[in-house]
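**Q** What follows is a protein structure lacking sequence information:
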């Protein structure tokens with residue numbers, strides 16, 4: 001079985017041999033190393049019980065084009081009763097180098113002792129993503145009720161939902 005897969009890979013390499021350069025090989029090896037590390041070396045905490053509105057540090061290295069990458073905090077927005085799946089719906093925290101004041105799709109979170117953020121960050125409500133639990137590192141903190149209500153209001157407007165997403 002493995003022999004067939006390796007032969008298939010080698011045949012592909014032979015076909016594209018003239019188009020391969022060192023930067024592509026370097027990029028591929030980095031990508032492949034990350035995939036192996038995520039799938040085999042990282043272990044999801046056995047006690048990992050993600051809850052809606054918790055914030056975890058998530059590793060999203062190896063992006064494609066304009067996808068988000070690097071380690072950053074993410075807010076879990078999938079309902080807690082569905083979080084036994086391997087993937088969770090999340091919203092990213094982003095920082096911007098320029099003055100940014102789009103309160104319609106982003107929620108400002110100021111740094112303080114509770115959240116341990118180093119600079120002003122925004123929860124990007126439009127950047128919803130489905131992320132594997134294998135990428136979750138550690139829980140950082142949970143959102144305040146004010147921020148939860150803001151996210152809930154924005155999501156109900158964006159998704160054109162008549163009722164709130166908050167759990168009673």
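**A** Sure, I can see it. Please read all numbers here as calculations on a predicted model, not as lab measurements.
**Q** now the helix or strand hosting residue 5: how far from the chain's centre is it?
**A** Assigned by DSSP states H and E, residue 5 belongs to helix 2-15. Averaging C-alpha positions (C-alpha atoms, centre = their mean, to the nearest Å) puts helix 2-15 32 Å from its chain's average.
**Q** Report the mean confidence score over it.
**A** What helix 2-15 shows for mean pLDDT is 84.
**Q** burial count for residue 147?
**A** 17 (other C-beta atoms under 10 Å). All C-beta spots, glycine's among them, are computed from the backbone N, C-alpha and C.
**Q** Surely it and residue 107 touch.
**A** Yes. Counting by C-beta atoms under 8 Å, residue 107 is a contact partner of residue 147 at 6.0 Å.
**Q** Overlap in contacts, those two.
**A** residue 123 (C-beta atoms under 8 Å, 6 or more residues apart in numbering).
**Q** so how far is stretch 26-35 off the chain centroid?
**A** 19 Å.
**Q** Likewise for stretch 6-26?
**A** Remark: stretch 6-26 is offset 30 Å from the chain centroid, using C-alpha atoms, centre = their mean.
**Q** do the same with stretch 123-139
**A** Taking C-alpha atoms, centre = their mean, the mean C-alpha location of stretch 123-139 is offset from the chain mean by 3 Å.
**Q** now that stretch: mean pLDDT?
**A** 83.
**Q** With stretch 150-168 instead?
**A** Mean pLDDT, stretch 150-168: 77.
**Q** mind listing what's buried in that stretch?
**A** 150, 151, 152, 154, 155 (16 or more other C-beta atoms under 10 Å).
**Q** Quick check, pLDDT for residue 89.
**A** Residue 89 is given a pLDDT of 90.
**Q** Pairing-wise in the sheet, spell out the partners of it.
**A** Judged by DSSP bridges, the bridge partners of residue 89 are residue 130.
**Q** Over to the one 5 residues further on?
**A** Counting by DSSP bridges, residue 94 forms beta bridges with residue 122.
**Q** shouldn't residue 107 be in contact with residue 125?
**A** Yes. With contact defined as C-beta under 8 Å, residue 107 reaches residue 125; the gap is 6.8 Å.
**Q** Show me whatever sits in contact with both of these two.
**A** 151, 154.
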